[in-house]
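Asks: the sequence and its predicted three-dimensional model are supplied below.
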Amino acid sequence: MASAFPYRLYLVISEEACQGRNFLEVAEAAVQGGVDLIQLREKNDTTEAFLKKALQLKEVLQPYNVPLIINDNLEVAQKSAAAGIHVGNSDIAPTKIRTAWESCRILGYSIEYLEQLYNEQTYTSDYLGISPVFDTATKTDTITTWGLDGIEKIRASTQKSLVAIGHMKASNVKKVIEAGADCIAVVSAICAAKNPKSAAKELRLEIEKGLKSRTVKPN
Ligand SMILES: Cc1ncc(COP(=O)(O)OP(=O)(O)O)c(N)n1
Ligand SMILES: Cc1nc(C(=O)O)sc1CCOP(=O)(O)O
Ligand SMILES: [Mg+2]
């Protein structure tokens, strides 16, 4: 049976992370290089500005059949008819999202504590963000830095699809996949790369290597 979460390379994008380049062009190049899921994460925009960007990005992604995920903001997710939303512990709870937005297809939830694996928010989510795998300057308000051991521990405790985030680079994704992650999420490895398409290609190649050599059963 095909996995309900078949994605392998997940770009988390914002205008700021693209460092003066057009974020829509960066997103399209990344998709051409092998990104198969994109989250729009605008932490400082008004809802109106966030929605405008979401609609623009959705139009770019449509011909490629790449789903759009919205960070945090349920109103933007619903009004843009995005594929889904990603939330953490300080955001609207996944159970509430299920009630308020029945057509949500992809619900992501950040794991910051092992205990979360056994709560109803985790059960109702479609994938779990391992938040973060390694420390990163892109987001510093984090709780647990999981490392490879943490991925193995989480993998052994849940069948949910696991998305690794935090300092993911071509040099470490193979090991992260071997440890049990199903998908790699990046900001700077693509948004700050000189050539986002080549950067995505290289990450994708490393992911495939990891999938081939891992012994943990893949999703
Ligand atoms: C794929 C993915 N994983 C984790 C996060 C972090 O979400 P959250 O903990 O809600 O923090 P913010 O991104 O909202 O600052 C994510 N966005 N995406
Ligand atoms: C958006 C986000 N969430 C994280 C978490 O730990 O939950 S780390 C992160 C930023 C990841 O950026 P980079 O790929 O540049 O390290
Ligand atoms: Mg959040």
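Replies: That came in fine, so what should we check first? Ligands and ions are numbered 1, 2, ... in the order given.

Asks: which ones are touching the closest residue to ligand 3 within the chain?
Replies: The chain approaches ligand 3 most closely through Gly88 (3.9 Å), counting by C-beta to the ion. C-beta coordinates here come from the backbone N, C-alpha and C atoms, glycine included. The contact partners of Gly88, by C-beta atoms under 8 Å, 6 or more residues apart in numbering, come to 72, 109-110, 112, 129, 131.

Asks: give me that answer again for 7 Å
Replies: Neighbouring residues of Gly88 by C-beta atoms under 7 Å, 6 or more residues apart in numbering: 110, 131.

Asks: give the buried residues for the lengthiest helix in the chain.
Replies: Ordering each helix of the chain by length in residues (DSSP state H) puts helix 196-213 first. Applying a neighbour-count criterion of 16 or more other C-beta atoms under 10 Å, one finds 196-197, 199-204, 206-207, 210 buried in helix 196-213.

Asks: what of stretch 76-91?
Replies: 76-78, 80, 82-88, 91.

Asks: can you check stretch 37-57 too?
Replies: Neighbour counts over stretch 37-57 (16+ other C-beta under 10 Å) mark 37-42, 45, 50-51, 53-54, 57 as buried.

Asks: which of those sit farthest apart?
Replies: Leu37 and Asp45 (20.8 Å; C-beta to C-beta).

Asks: hang on, the earlier thing: show me which of the buried residues of helix 196-213 is closest to Gln159.
Replies: Nearest to Gln159 among those: Gly210, at 19.1 Å, using C-beta to C-beta.

Asks: the helix or strand hosting Leu11 and ligand 2 in contact?
Replies: Element membership for Leu11, per DSSP states H and E: strand 9-13. Yes. Counting by C-beta under 6 Å from any ligand atom, ligand 2 is contacted by strand 9-13 at Val12.

Asks: what are the pairing partners of that strand, and which direction each?
Replies: Strand pairing for strand 9-13, using DSSP bridges, gives strand 37-40 (parallel), strand 183-186 (parallel).

Asks: how about TSV for the ones you listed, with mean pLDDT and distance to Gly147 added?
Replies: Listed next are these as TSV, based on pLDDT from 0 to 100; distance: least, C-beta to C-beta, whole Å:
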stretch	mean pLDDT	distance to Gly147
strand 37-40	99	23
strand 183-186	98	15
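
Asks: nearest to ligand 1, out of those?
Replies: Closest to ligand 1 of these is strand 183-186 (C-beta to the nearest ligand atom; 4.1 Å).

Asks: hey, where'd the strands end up in this protein?
Replies: 9-13, 37-40, 68-71, 84-87, 106-111, 127-130, 161-165, 183-186 (DSSP state E).

Asks: then the first one to PDB, C-alphas only?
Replies: Below are the C-alpha coordinates for strand 9-13, written out as PDB (Å, rounded to 0.1, in the frame of the first residue of the first chain):
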ATOM      1  CA  LEU A   9      12.400  16.400   0.700                       C
ATOM      2  CA  TYR A  10      10.500  19.200   2.400                       C
ATOM      3  CA  LEU A  11      11.400  22.900   1.900                       C
ATOM      4  CA  VAL A  12      10.400  25.300   4.700                       C
ATOM      5  CA  ILE A  13      10.500  28.700   3.000                       C
END
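
Asks: many thanks, I have nothing further to ask.
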